[in-house]
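Make a model of this:
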Amino acid sequence: MILGGKPRRTIGLHPDNPKIVQTFDQRRFPHETVLTDLKSSKDAEYAIKDMWVRGAPLIGATAAFGVYLAGLEALENSDPKAYLEERFAALEATRPTAVNLLWALNEQKKNLQGDLSGEELIAAFRKTAEQIVEDDVAICSNIGEHGLKLIQKIADQKPGEPVRVLTHCNAGWLACIDWGTATAPVYKAQLAGIPIEVWVDETRPRNQGANLTAFELQQQGIPFQVITDNTGGHLMQHGMVDLVIVGTDRTTRDGDVANKIGTYLKALAAFDNHIPFYVALPSTTIDWTIKDGVQEIPIEMRSEDEVHWIHGKRPDGTLDKVRVTPEGSAAANYGFDVTPARLVTGLITERGVCEASEAGLLELFPEQV
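Numbers count the residues shown, from 1 in each chain. Model prediction:
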């Protein structure tokens, strides 16, 4: 997608040094664009844990590259096997909710099953990480094509008027490698010449909507408005939203969806106002081992400080943070919630759109029967 007028991806090897992984420090967006070097597997670990990178697909890709870096480090270690086991465990522990993390690490673990030399193993780790990146780009592009058909159908019903999409958090290309998941249909609609506008939830406490989705859409030249997290229901009541599209960090076999905290309330409002609520996802975010999302998906608890403090840009241009809660107050910071399948109109995957149910998913992914 476009950044500073040029096409970019979110992660890749340094063009002059293949032992360094480059990605954006997304904590600095939208006020600064900082391309950062990950020089070790611990850098990759911290980048995921401290949310330099975020979004299920990008977390998975970063973890895969983290394993590649760990492979390089293992060559210098007296016990390479034990070192790799420790590094796999550390990367796995960074973010408990996003299933792509585990999926990517499991893809890398397959390389341990062969009788590879140290150099061969490093080459295999690199190849797997780069393949995960390329696959994600193709998957997101296909999600966009399938989601485009939904937008086109609405556009045909209101010729000359923009299709108004509401989204929550950031499931755009910054959360993936390119295109994004929830935003891919929006970008495809723009390319198809369909007038489109986006309502962007600010997404407290880290404001990924206000910071990242707004930044993306602005770079791409798509009309949008940032709204507070409590505005969506009002807009839906007054017919100002045509459809909702969000991303997901984990989807169960039965179609329950875990996404950024606040998604469930948007789904309730959409259901009450008969507005289609779609979830865009790569199949790598489907956890085929669980069925009940509310009971079985671990919800990450994050630091209270994310609730107490807000980061932003002062009038003099400096970046700073301010406290918004009384000193000494407690805070609860649940990172995600689960939207039951009964509130989801459909799942937009790389293979098509399906009902949010086991039967619907298995129609598209029969190999999972």
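
Would you point out which residue is most central in this structure?
residue 55 (2.5 Å; Cα atoms, centre = their mean).

Need the nearest residue in space to that residue, chain neighbours excluded.
Of all residues not flanking residue 55 in the chain, residue 175 sits nearest, at 2.3 Å (Cβ to Cβ, 6 or more residues apart in numbering). The way it works is simple: take the backbone N, C-alpha and C, and place the C-beta from them, glycine included.

ok, back up a step: how much space separates the residue nearest to the centre of the chain from residue 180?
8 Å (Cβ to Cβ, to the nearest Å).

Find residues that contact each of the two.
Shared contacts of residue 55 and residue 180 (Cβ atoms under 8 Å, 6 or more residues apart in numbering): 171, 174, 247.

circling back to that earlier point, what pLDDT does the residue nearest to residue 55 get?
pLDDT, residue 175: 91.

Where does pLDDT dip in the stretch 151-300 of the chain?
Within the stretch 151-300 of the chain, no range satisfies pLDDT under 70.

Now do the longest helix seen in the chain: distance to the chain's middle.
Counting residues, the longest helix in the chain under DSSP state H turns out to be helix 118-157. Helix 118-157 sits 12 Å away from the centroid of its parent chain (Cα atoms, centre = their mean, to the nearest Å).

Could you do stretch 254-266 as well?
Centre-to-centre, stretch 254-266 and its host chain are 13 Å apart (Cα atoms, centre = their mean).

do stretch 37-55 as well
With Cα atoms, centre = their mean, you get 15 Å for stretch 37-55.

Also stretch 219-234?
Distance, stretch centre to chain centre, for stretch 219-234: 18 Å (Cα atoms, centre = their mean).

can you offset everything so residue one is 93?
In the new count, where the first residue is 93, that last one comes out as stretch 311-326.

in the stretch 343-461 of the chain, which spans are strands?
Using DSSP state E, counting those that start in this stretch, the strands of the stretch 343-461 of the chain run over 349-352, 369-372, 378-379, 401-405, 411-415, 428-431, 438-441, 444-446.

which stretch among those comes nearest residue 138?
Of all these, it is strand 401-405 that lies closest to residue 138, at 18.0 Å by Cβ to Cβ.

residues contacting residue 348?
383, 384, 385, 386, 389, 430, 431, 432, 433, 448.

let me redo that: residue 216
Contacts were defined as Cβ under 8 Å, 6+ apart; by that measure residue 216 touches 203, 206, 208.

mind redoing it with 7 Å?
Applying Cβ atoms under 7 Å, 6 or more residues apart in numbering to residue 216 gives the contacts 203, 208.

any idea how far it is from residue 433?
Using Cβ to Cβ, residue 216 is found at 38 Å from residue 433.

mind checking pLDDT for the closest residue to residue 124 other than its chain neighbours?
If the residues on either side of it in the chain are set aside, residue 124 comes closest to residue 411, at 7.3 Å by Cβ to Cβ, 6+ apart. The model reports residue 411 with a pLDDT of 91.

doesn't residue 405 make contact with residue 411?
Yes - using Cβ atoms under 7 Å, residue 411 makes contact with residue 405 at a distance of 5.7 Å.

residues shared between the contacts of the two?
Residues touching both residue 411 and residue 405 (Cβ under 7 Å, 6+ apart): residue 123.

give me the number of residues near residue 185?
Using other Cβ atoms under 10 Å, residue 185 has 12 other residues around it.

For it, give me the backbone phi and psi.
In terms of degrees, to the nearest 10, the main-chain angles of residue 185 are phi -80, psi 0.

Could you tell me how far it is located from residue 334?
With Cβ to Cβ as the criterion, residue 185 and residue 334 are 41 Å apart.

Report how many residues lie close to the closest residue to residue 188 other than its chain neighbours.
Computed as Cβ to Cβ, 6+ apart, the closest residue to residue 188 that is not its neighbour in sequence is residue 390, at 4.7 Å. By other Cβ under 10 Å, 10 other residues sit near residue 390.

Now do stretch 144-162: distance to the chain's middle.
Centroid separation between stretch 144-162 and its chain, computed with Cα atoms, centre = their mean, is 12 Å.

same deal with stretch 105-114?
Mean C-alpha position of stretch 105-114 versus that of the full chain (Cα atoms, centre = their mean) differs by 23 Å.

how about it as CSV, C-alpha atoms only?
What follows is stretch 105-114 as a C-alpha-only set of coordinates in CSV (Å, rounded to 0.1, in the frame of the first residue of the first chain):
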residue,chain,number,x,y,z
LEU,A,105,14.8,-8.1,5.4
HIS,A,106,17.2,-5.1,5.3
PRO,A,107,18.0,-4.5,1.6
ASP,A,108,21.8,-4.4,2.4
ASN,A,109,22.0,-6.8,5.3
PRO,A,110,19.9,-10.0,5.3
LYS,A,111,20.8,-10.6,9.0
ILE,A,112,18.6,-7.7,10.0
VAL,A,113,14.8,-7.5,9.8
GLN,A,114,13.1,-4.2,9.2
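
what mean pLDDT does it have?
97.

The residue nearest to the centre of the chain and residue 348, how far apart?
Separation of residue 147 from residue 348 (Cβ to Cβ): 19 Å.

same check, this time on residue 376
17 Å.

how deep is residue 170 tucked in, by neighbour count?
Counted with other Cβ under 10 Å, residue 170 comes out at 6.

Point me to the helix or strand that includes it.
Here residue 170 is covered by no helix or strand, with elements defined by DSSP states H and E.

List the buried residues of stretch 183-196.
Buried residues in stretch 183-196, counted by 16 or more other Cβ atoms under 10 Å: 183, 186, 187, 188, 189, 190, 191, 192, 193, 194, 195, 196.
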